[in-house]
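**Student:** Here you go, sequence then predicted model.
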Amino acid sequence: MPENNNSPLDHSDMPEAVIHSRKSFSVVWIVPIVALIIGAWLVYKAMSERGPEITITFESAEGLEAGKTKIKFKDVEVGLVESIGLSEDLSRVIVSAKLAKGSEEYLTDKTRFWIVKARVAAGEISGLNTLFAGSYIAVDPGRGGNPKNEFKGLDRPPIVTADLPGRHFMLQAEKLGSLDMGAPVYHKQIKVGQVVNYALDSDHHLINIRIFVNEPYDQFVQNNTRFWNAGGFDVVVDANGIRIDTESIVTILLGGIAFDTPVNLEHSAPAKENDTFALFNNHFESQQKRYSKKTHWLLRFDDSVRGLTRGSPVEFRGIKIGQVIDINLNLDLESQKYTIPVLIEIEPERMLGQPEFIDKADRQKFMDDIVAKGLRAQLKMGNLLTGQLYVDLNFQAEALPQKIVWNDTFPEFPTVKTQLEVITASVNRLVDRLNKLPFEEISNEVRVAVREFSQMLTETQTLLKSFNKEVEPEAIAALKQAHDTMEIIEEMLSSDSSMNQEARRALEELAGAARSFRSFVDYLNRHPDAIIYGKGKDQ
């Protein structure tokens, strides 16, 4: 029977393949692996050496250029500007920059950035090197703050950088005057600091002026140190003449601040960082003693107060104890009369002594007592040339009895009329009396009296003529006799007269007797026993 060709093949006699795995590494893979390792290393190195990236916003990008503008600290490059763009509202410029590795710890909320460029300001010229090298961004690193990567650049360079040793202090003034940022601070005419910045306080009543005093001069600031505005110059007129005081030419032109610590009985201790002090208007005001307590009083005047202004002094026996705060005009509808209320401010410690004595009850009792003794307020002329008035508190011996009107607002203090008003009233009374005199009757009586007096003079003259005729011969004889007597006396007292010689001899003998008596007394003082035993032979 023939074989079927469609039957499955028999592979039993075929050889069986054997698969062997190769354990050797192919050289082809060496190059890509090495390249991968090098790339990874480069990436790691670049990432590890890469510094932090920050963004800074400025009002303008003047002088800045992406990829070229550098960031410097003490003229050492610490970063580079990578890109410059605008904010969404187009109000500011956003600068992206990369800083050097290791600068992360200095990027805090106290770090400051600003653009350094040529600046010419009052008393200061800076950044002239940028005219050739171009502008750059300067950084003032901050320490101890919270980490931060987004910053708002300063519009102008800071006055004081963080690495400058010294301390900050706060001054408060009613007005800024000629002060500006960067204005000098002097101590004994030595520049020791600068004005850092200034701003209105929360109540908008005072100006807070922040200053920086360099080390070691900051140790001279005590808790009783006085600061004053040294701008311009002060003219002092005293018993020694006219004196002009100024700190320097710079303060005359640009203004400045000076300070000193007075030598007095007040306790003095070193001031602390950011302590607050008052800024006086001038050196004279800084030397005046300051008091913490102030009271307000209301004065009422009926006549003109022309020459009295806000700030006019209130004095007690020539010593300033306060000032005028406000002046108004008031109409009493019932009496149809005008009065002028004047509000004054007094420092009671100047009158009452130590602060612990001044409480409300003691102050009221004290003031009531001195008003009962005649203390009154009166307007007086302070300057005859300008006509300025001031309020004078003094005791008036002839003052009518009055009392203080205590109320919830301002207590009303009794007043008296001014000296000019008193004189005017006296003149008016004198004129009234003169007007009431009967001048016609008086003139007739005066004519009669003058006629009688003239007749009396005529009779007296006639009497004197007759008297001279009778008395004249006897008077001439008496005068001749007196003349002869004086000649005799003169002859007796002449130097060559016998009487004068005898008197001279008597005086010489009297002087000799006095000398002998003096010698006798001296001997008795040396030998008191001579009274009993007598004078010895050897004596």
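**Tutor:** Received it, and whenever you're ready, just let me know what you need.
**Student:** Not counting sequence-adjacent ones, nearest residue to F212?
**Tutor:** Once flanking residues are discounted, F212 sits nearest to V160: 4.5 Å by Cβ to Cβ, 6 or more residues apart in numbering. In this view, the C-beta of every residue, glycine as well, is placed from N, C-alpha and C.
**Student:** Let me see the ranges of the strands in the stretch 301-450 of the chain.
**Tutor:** Secondary structure of the stretch 301-450 of the chain (DSSP state E, counting those that start in this stretch): strands located at 313-316, 319-327, 330-332, 337-346, 375-381, 389-395.
**Student:** pLDDT (mean, whole number) over the longest one?
**Tutor:** Per-residue confidence for strand 337-346 averages out to 90 on the pLDDT scale.
**Student:** now swap in the shortest one and tell me
**Tutor:** For strand 330-332, mean pLDDT rounds to 84.
**Student:** For G102, grab phi and psi.
**Tutor:** Note on G102: its backbone torsions stand at phi 90, psi 0 [degrees, to the nearest 10].
**Student:** residue contacts, F301?
**Tutor:** T339, I340, V342, L379, T415 (Cβ atoms under 8 Å, 6 or more residues apart in numbering).
**Student:** Go ahead and list the helix or strand containing the residue nearest to the third one when sequence neighbours are not counted.
**Tutor:** Across the structure, with Cβ to Cβ, 6+ apart as the measure, the residue nearest V342 apart from its sequence neighbours is L299 (4.5 Å). Assigned by DSSP states H and E, L299 belongs to strand 295-301.
**Student:** ok and that strand relative to strand 389-395, angle-wise?
**Tutor:** 100 degrees (axes from the mean of the first three to the mean of the last three Cα atoms, to 10 degrees).
**Student:** Let me see the mean pLDDT of strand 295-301.
**Tutor:** pLDDT averaged over strand 295-301 gives 90.
**Student:** Contacts made by stretch 101-115 with the rest, please.
**Tutor:** 48-52, 54, 56, 58, 62-64, 71, 78-79, 99, 135-149, 151, 153-158, 162.
**Student:** Drop everything from those residues that is not in strands and list the rest.
**Tutor:** Those of these mapping onto strands are 54, 56, 58, 71, 78-79, 99, 136-140, 151, per DSSP state E.
**Student:** between those, which is nearest G318?
**Tutor:** The nearest member of these to G318, counting by Cβ to Cβ, is D140 at 54.2 Å.
**Student:** who are the neighbours in contact with that closest one?
**Tutor:** Contacts of D140 by Cβ under 8 Å, 6+ apart are F73, T111, R112, F113, P158, T161, A162, D163.
**Student:** Weed out the non-buried ones from these.
**Tutor:** Neighbour counting over the contacts of D140 (16 or more other Cβ atoms under 10 Å) leaves F73, T111, R112, F113 as the buried ones.
**Student:** quick one: the third one from N149, how far?
**Tutor:** Okay, so that is R112. Here R112 is placed at a distance of 14 Å from N149 (Cβ to Cβ, to the nearest Å).
**Student:** just the buried members of the contacts of F301?
**Tutor:** If we count by 16+ other Cβ under 10 Å, the contacts of F301 have these buried: I340, V342, L379, T415.
**Student:** sorry, back to before: farthest pair in the contacts of F301?
**Tutor:** T339 and L379 (13.8 Å).
**Student:** Chain neighbours aside, what residue packs nearest to F151?
**Tutor:** Looking at F151 with Cβ to Cβ, 6+ apart, the closest residue is I56, at 4.9 Å.
**Student:** What's the separation between the one you found and V81?
**Tutor:** Counting by Cβ to Cβ - I56 and V81 are separated by 9 Å.
**Student:** Looking at the two, which has the bigger crowd around it?
**Tutor:** I56 (24 against 21; other Cβ atoms under 10 Å).
**Student:** mind checking pLDDT for that one?
**Tutor:** The model's pLDDT for I56 equals 93.
**Student:** Can you give me the distance of it to K98?
**Tutor:** Taking Cβ to Cβ, one finds I56 at 12 Å from K98.
**Student:** got it, and M181?
**Tutor:** 32 Å.
**Student:** Check whether Y390 really touches G318, as I assumed.
**Tutor:** No: taking Cβ atoms under 8 Å as the definition, Y390 is not a contact partner of G318, at 10.6 Å.
**Student:** Who has more neighbours out of those two?
**Tutor:** Y390 (20 against 7).
**Student:** Name the nearest residue to the more buried one, sequence neighbours excluded.
**Tutor:** Closest to Y390 by Cβ to Cβ, 6+ apart is G382, at 4.4 Å.
**Student:** returning to that earlier point: what touches both of I56 and V81?
**Tutor:** What both I56 and V81 touch, as defined by Cβ under 8 Å, 6+ apart, is the set V95, A97, I137.
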